[in-house]
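>>> what follows is a predicted protein model with its sequence.
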Amino acid sequence: MQPDVSFVIAAYNAEATLARAVDSALAQRGVSVEVIVVDDCSTDGTLALARSYSDGRVRVVSLERNGGPGVARNAGLDAARGRWVAVLDSDDSVLPDRLASMISRAEAEDAAMAVDNLVVIRADGAAPETMFASGQLEQFPELTLTRYIDGNLLFEGTFNFGYMKPIFLRGYLDDNHLRYDEDLRIGEDFILLASALARGGRCAVEPAVGYAYHIRSGSISRVLELCHVEAMQRADAVFERVNRLDEEACQAFTRRTRSLGRAATFLSLVQHIKSRSPLKAMRTALRDPSAIRHLRMPITVRLRRVADQFAGRPGK
């Protein structure tokens with residue numbers, strides 16, 4: 001029988017966290033599931049752990065060479081058999097009623113996709129926190145393309161809508177030939193959901209928390225580098241070229257383009273500071289002075305410490 005949901009878990013050297021992700025997917029209530037673990041050429045025990053599951057609902061795809069999250073997720077989507085597909089990061093987990101709630105919400109709204117709220121769990125033992133304020137997502141039953149783009153401006157806050165983990169009707173993705181951008185290491189979720197919205201699909205909003213986002217030291221999604229922003233700029237240019245946007249979406253996309261430009265300038269500035277190139281840093285800052293304000297944002301505390309150290313002041 002066709003399962004209600006296919007969970008796709010791309011895994012690379014995830015031996016320490018994979019079981020938590022798989023077990024949480026298998027524990028879903030009110031829906032039938034399959035779990036597809038795609039091993040992206042791990043060098044630890046990830047593949048062996050995935051293959052150790054005797055539960056027939058767990059299927060394992062082993063890639064011949066490391067391709068990154070987009071390649072691994074696409075392999076999982078191609079192997080999926082469920083009516084819905086849900087991507088789950090190998091170091092995260094989901095609450096037991098998440099998929100039942102999201103599917104119910106999507107079907108009530110005649111939507112091809114759905115998003116929900118997240119709880120943030122930090123490895124340092126800090127108290128968990130809800131990513132979006134309880135009333136923020138309750139303000140709108142549907143996530144539009146304009147709102148989604150506006151919610152993906154870099155460095156405008158600690159978290160943005162790009163952290164959301166949508167579920168999709170698998171048929172909608174297949175019919176519209178939608179897959180992850182395999183050239184992106186960060187930001188691939190934004191392009192896929194934005195593309196699905198641009199094709200005219202509706203996205204329902206389930207305001208309840210269903211996804212547990214675990215932050216650990218060294219997680220790639222928490223260490224943004226200039227090359228990542230430049231890759232996002234290239235992907236955004238392709239998105240703009242192949243999709244027809246209405247006026248509101250175009251204005252939102254212009255704001256996102258500016259935010260990516262400021263982020264690129266800021267990260268370039270940090271690179272010059274780290275390489276002890278003050279003249280290059282000054283020229284970069286003069287080219288876009290507004291980018292300097294990002295030094296105040298929480299996401300850049302680590303980079304501020306680099307700048308402080310270079311200036312001979314203790315980091316804070």
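Structure's in. What do you need?

>>> low-confidence ranges in this protein?
By pLDDT under 70, the weakly predicted segments of the chain are 156-159, 217-223, 271-316.

>>> what does stretch 171-189 contact?
The list of residues contacting stretch 171-189 from outside it, by CB atoms under 8 Å, 6 or more residues apart in numbering, reads 67-71, 73-74, 77, 83, 85, 87, 112-113, 162, 164-166, 191-192, 195-196, 199, 201, 220-221, 224, 228, 231-232, 234-235. Every C-beta, even on glycine, is put in place using the N, C-alpha and C of the backbone.

>>> buried stuff in it?
Neighbour-count burial for stretch 171-189 flags 172-173, 176, 178-181, 184-189 (criterion: 16 or more other CB atoms under 10 Å).

>>> same thing with stretch 34-52?
For stretch 34-52, the buried set under the neighbour-count rule, 16+ other CB under 10 Å, comprises 34-40, 42, 46-47, 49-50.

>>> now these in TSV, with distance to Q2 and secondary structure?
Formatted as TSV, the buried residues of stretch 34-52 follow (distance: CB to CB, whole Å; DSSP: H, G, I helix; E, B strand; the rest coil):
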residue	distance to Q2	secondary structure
E34	9	strand
V35	15	strand
I36	14	strand
V37	19	strand
V38	20	strand
D39	24	strand
D40	26	coil
S42	29	coil
T46	28	helix
L47	27	helix
L49	27	helix
A50	22	helix
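
>>> nearest to S104, of those residues?
Sorting the buried residues of stretch 34-52 by distance to S104 puts E34 at the head of the list, at 19.7 Å, by CB to CB.

>>> for that closest one, which non-adjacent residue is closest in space?
The spatial neighbour of E34 that comes closest, neighbours along the chain excluded (CB to CB, 6 or more residues apart in numbering), is P3 at 4.6 Å.

>>> count the neighbours of that neighbour for me.
Here the neighbour count serves as a burial measure; for P3 (other CB atoms under 10 Å) it reads 17.

>>> wait, a strand at it?
No - note on P3: no strand contains this position according to DSSP: H, G, I helix; E, B strand; the rest coil, which reports coil.

>>> that older thread, out of the contacts of stretch 171-189, which end up buried?
The buried subset of the contacts of stretch 171-189 - by 16+ other CB under 10 Å - is 67-71, 73-74, 77, 83, 85, 87, 112-113, 162, 164-166, 191-192, 195-196, 199, 201, 221, 224, 228, 231-232, 235.

>>> so which of those are in strands?
Counted as lying in strands by DSSP state E, out of the buried ones among the contacts of stretch 171-189, are 85, 87, 113.

>>> thinking again about what came up before, from the buried residues of stretch 171-189, which is closest to Y213?
Distances from Y213 to those, taken as CB to CB, are shortest for D189 (12.0 Å).
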